[in-house]
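Student: Below are the sequence and a predicted model for it; my questions follow.
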Amino acid sequence: VPAATTTSVTPGTAVPSLTLSTSVASPSASLSAILPPQAPLPPTQPWCIGQIFCAGSLLQTVNIAQLWSDPKTFVDKPTSKSSQQVLADFNTFNLSTVTEDDMLNFVDTDFLGEGLELEAVALPNFNPNPAFLNNVTDPLLKAFAQTVHGYWTQLARNTNQSALCAEYPGGECESTLIPLNHTFVIPGGRFREQYYWDSYWIIQGLLQSELYDTVNATLQNFMDEIEDFGFIPNGGRIYYLDRSQPPLFIHMVYDYVNVTGDTSVLQRALPLAEAELAWWANNRTLEVTSPYTSQTYMMSHYAVNNSAPRPESYLTDYLTVHDPTLTTPLTDAQAADLYSELASGAETGWDYSSRFEAVPQLGNPGLRTLNVKNHIPVCLNSILYKARVLLADLYGTSNETAANTHRQVAAGIRAGIIDLLWNPDKLAFYDFNLTSNARNDIFTAATFYPVWNGIIPDEVLASQSNAFGYFASVNMVMNKYNGTVPVTFIDWTGLQWDAPNSWPPHQYIIMQALRSIPSNLTTNGLPVPSSSQSTYDLVPAGQLNFTEAQLPGQPFRGAQANENATATGPGADINKLDGTVVNGGNATSGEGWRDTLQREVANRYYTSTLCSWHATGGSIAGLLPQLPASQLNLTDSINNTGNMYEKFSNLNVDSSGSGGEYTVQAGFGWTNGVLLWVASTYGEQLVAPQCPELVASA
Ligand SMILES: OC[C@H]1O[C@H](O[C@H]2O[C@H](CO)[C@@H](O)[C@H](O)[C@H]2O)[C@H](O)[C@@H](O)[C@@H]1O
């Protein structure tokens with residue numbers, strides 16, 4: 001197997017060179033070891049269109065051999081031979097005597113490098129100095145935005161038509177890639193293909209970068225997929241064909257038309273938007289009768305028809321089901337249901353989170369209580385509400401009948417969201433749990449999706465203090481924690497959509513939700529806690545479902561440790577400054593609370609991206625020297641030029657998030673997209689960050 005994966009791209013407008021080589025296989029067992037016995041195979045999955053990479057003996061056996069630490073590596077490798085030949089080669093093995101070495105040789109001989117069917121592509125209209133850069137006042141922050149803008153040239157891909165299977169010498173082969181006809185931007189790292197909901201935030205950045213053709217191309221790819229499959233899959237691989245992701249296609253079309261004025265895309269997009277919404281209505285929507293009002297609503301949920309491990313996470317799911325620590329093995333029916341829950345969890349985009357666990361707990365025991373299908377999620381229904389509203393707007397007067405129908409459906413979803421998901425006493429939205437027939441009490445960042453999507457409850461509109469109360473947790477995070485707003489405050493599951501992780505899309509959603517609050521509700525400054533309290537006490541009672549002492553602790557760094565910092569009470573607001581917070585920008589006189597929170601979240605996000613990038617080798621000539629090797633050693637970043645991480649932490653601003661089933665990825669599409677949007681939107685209010693000194697444990 002050739003050398004470790006390297007992807008090097010020459011920046012600029014010329015065709016970038018993309019050097020792809022395969023990951024080094026690193027089986028943990030010795031090469032002579034016989035593979036351990038296997039559990040019976042799961043049923044064949046009718047949705048999976050392939051012979052090699054769908055649930056079956058070959059996929060299970062290669063996974064059991066654990067040739068790579070990431071199971072996605074194998075399913076991203078095209079075969080070097082026809083499917084029949086690969087299967088014939090595999091069938092020569094006796095599974096009771098096959099060794100690690102046999103599997104290694106088999107994979108080496110019959111499979112090629114992962115991602116081989118993709119190629120880097122020049123962005124012909126790439127403008128090194130797009131106008132939005134002029135919005136950023138601080139020279140360092142402006143240069144950083146320009147650097148991140150340049151990263152699009154590294155993340156743009158085309159399907160390499162000459163590497164598609166039919167073209168290989170010797171005829172057919174098999175690959176999981178869904179070939180796309182147009183250019184697209186990938187998230188990065190192991191995510192080598194186009195992803196559905198990631199593209200929404202990628203597009204927010206591409207629009208700032210004036211890469212309108214690339215946005216159009218992304219939309220055309222999604223439209224091709226709706227035509228081919230009837231829906232937009234999770235990502236551009238056949239192993240994602242059992243599920244979608246948060247449905248933001250119409251939002252993307254709307255933003256593209258709004259920014260470019262190019263309505264020509266609508267002729268194709270409108271009927272395909274209808275098809276996508278019909279797919280969600282037909283496959284993911286059910287009647288729910290409210291236990292609070294006895295009204296019945298058509299509400300949507302994530303629910304994937306699947307009874308086998310996800311091919312890209314085969315071993316992970318297999319071990320969740322066939323966990324050696326289980327004293328009573330799962331029945332076939334229980335296993336099938338758990339596989340369906342795991343796939344449904346991936347469809348949420350929040351894979352995985354305590355939010356959907358019946359009993360949140362560390363690792364597999366928690367995952368085995370996943371109950372995704374029985375939840376009416378705040379996020380999905382808010383997105384579908386807005387999709388209907390936007391589609392009606394896009395029709396304008398061209399089809400008033402269709403527009404009115406969508407507005408009526410939207411009104412029904414809105415009523416269901418307010419009835420089922422809104423808690424007017426706690427001033428927060430929670431998922432509705434069909435199992436308990438009640439609203440959950442787990443507080444998550446999903447609470448901000450309705451307002452982002454234009455659903456503002458009457459209680460929020462009733463007073464400034466109520467409107468602030470809805471966002472009071474954001475204020476608390478800015479004061480009490482060093483990093484950005486986490487996805488939940490549950491930090492004991494080890495899942496990547498739980499604390500301490502904070503995700504770029506959520507920082508964007510919070511800022512957009514704040515922007516949606518009418519200006520007459522934002523004339524007051526930020527409320528201040530009494531001298532014996534902290535900003536926790538400004539959060540409406542019960543909203544977080546945690547006492548202050550139960551919230552995740554903020555480890556104190558450097559000077560913080562010497563400044564009377566405490567876990568609760570006034571000393572817990574360790575980042576509080578006069579009218580602002582550490583890494584929250586500068587207070588201005590007469591600033592309303594809505595603008596203060598936006599400024600603070602924007603600055604904290606900018607700080608997280610810039611400080612973690614700098615901590616991993618990022619530098620800007622004349623403005624930000626690279627850290628010395630002694631410091632870069634602490635982050636394993638010698639010879640690195642800065643990571644843009646997929647996720648961050650609420651506890652610090654100079655490292656990535658953690659946890660989950662794969663190692664943290666860098667690149668990264670949505671991180672860059674949100675950064676460029678923040679630069680464009682808040683550029684004058686951004687202040688050069690105070691990056692903490694690196695310590696060995698950071
Ligand atoms: O391979 C495991 C899972 O990885 C993906 O999920 C995560 O990355 C995606 C790309 O950035 C992102 O859209 C998602 O929110 C993340 O949780 C993939 O989407 C999953 O389906 C996959 O099983």
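Tutor: Looks like it came in fine.

Student: So what's the residue count around residue 485?
Tutor: Residues lying near residue 485 (other Cβ atoms under 10 Å) number 23. C-beta: built from backbone N, CA, C; applies to glycine.

Student: and residue 563, how many neighbours?
Tutor: Neighbour number of residue 563 under other Cβ under 10 Å is 11.

Student: need the contact list for it.
Tutor: For residue 563, the contact set (Cβ atoms under 8 Å, 6 or more residues apart in numbering) comprises residue 574.

Student: and what of the one 5 residues further on?
Tutor: For residue 568, the contact set (Cβ under 8 Å, 6+ apart) comprises 534, 536, 548-549.

Student: And whichever helix in the chain runs longest, how far out from the chain middle?
Tutor: Assignment by DSSP state H gives helix 593-615 as the longest helix of the chain. Relative to its chain's centre, helix 593-615 lies at 19 Å (Cα atoms, centre = their mean, to the nearest Å).

Student: what's the answer for stretch 242-256, then?
Tutor: The answer for stretch 242-256 is 14 Å, by Cα atoms, centre = their mean.

Student: just to revisit the earlier point, can you give me the mean pLDDT across the helix or strand following the longest helix of the chain?
Tutor: Using DSSP states H and E, the helix or strand that follows helix 593-615 in sequence is helix 629-632. Averaged across helix 629-632, the pLDDT comes to 95.

Student: Equivalent analysis for stretch 100-118, please.
Tutor: According to the model, stretch 100-118 has a mean pLDDT of 96.

Student: Now do the end-to-end distance for it.
Tutor: Chord length of stretch 100-118, first to last residue, is 29 Å (Cα to Cα, to the nearest Å).

Student: Whether that stretch contacts the ligand - can you check?
Tutor: No. If you take Cβ under 6 Å from any ligand atom as the test, stretch 100-118 misses the ligand, and the best it gets is 13.1 Å.

Student: And that stretch, what's buried?
Tutor: Neighbour counts using 16 or more other Cβ atoms under 10 Å place 100, 102-104, 106-107, 110-118 of stretch 100-118 among the buried residues.

Student: what do you get for stretch 62-74?
Tutor: Across stretch 62-74, burial judged by 16+ other Cβ under 10 Å covers 62-68, 70-74.

Student: I'd like to know which of those residues is nearest to residue 140.
Tutor: Residue 140 lies nearest to residue 70 out of the buried residues of stretch 62-74, by Cβ to Cβ, at 35.2 Å.

Student: I'd guessed the closest one sits against residue 665; true?
Tutor: No. With contact defined as Cβ atoms under 8 Å, residue 70 does not count as touching residue 665 (10.2 Å).

Student: what is in contact with the two at once?
Tutor: By Cβ under 8 Å, 6+ apart, residue 70 and residue 665 have these common neighbours: residue 190.

Student: Quick check: residues of the protein near the ligand?
Tutor: Residues of the chain found near the ligand (Cβ under 6 Å from any ligand atom) are 72, 187, 191, 195, 197-198, 234-235, 310, 312-313, 346, 349, 351, 646, 661-662.

Student: Check residue 556 and give its pLDDT.
Tutor: pLDDT recorded at residue 556 is 88.

Student: Spatially nearest residue to it (excluding sequence neighbours)?
Tutor: Take residue 556 and drop its neighbours on the chain: the residue closest to it by Cβ to Cβ, 6 or more residues apart in numbering is residue 565, 4.8 Å away.

Student: cool, and residue 77?
Tutor: Spatially, and ignoring its direct neighbours in sequence, residue 77 is nearest to residue 111 (4.2 Å; Cβ to Cβ, 6+ apart).

Student: I figured that neighbour hits residue 80, correct?
Tutor: Yes. Taking Cβ under 8 Å as the definition, residue 111 is a contact partner of residue 80 at 6.2 Å.

Student: one step back: other SSEs contacting the longest helix of the chain?
Tutor: Packing contacts for helix 593-615, counted by 3 or more Cβ pairs under 8 Å, 6 or more residues apart in numbering; DSSP states H and E, involve helix 139-150, helix 464-480, helix 504-516, strand 580-581, strand 648-649, helix 669-682.

Student: I'd like the ones you listed as TSV, with mean neighbour count and mean pLDDT appended.
Tutor: Shown next, in TSV, are these (neighbours: other Cβ atoms under 10 Å; pLDDT from 0 to 100):
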stretch	mean neighbour count	mean pLDDT
helix 139-150	20	98
helix 464-480	23	98
helix 504-516	23	98
strand 580-581	24	98
strand 648-649	28	98
helix 669-682	27	98
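
Student: Could you find the closest non-adjacent residue to residue 36?
Tutor: Excluding the flanking residues, the one nearest residue 36 by Cβ to Cβ, 6+ apart is residue 64, at 6.4 Å.

Student: Now do the contacts for the one you found.
Tutor: By Cβ under 8 Å, 6+ apart, the contact list for residue 64 reads 35-36, 38, 315.

Student: which SSE is it in?
Tutor: Counting by DSSP H and E, residue 64 is part of helix 57-65.
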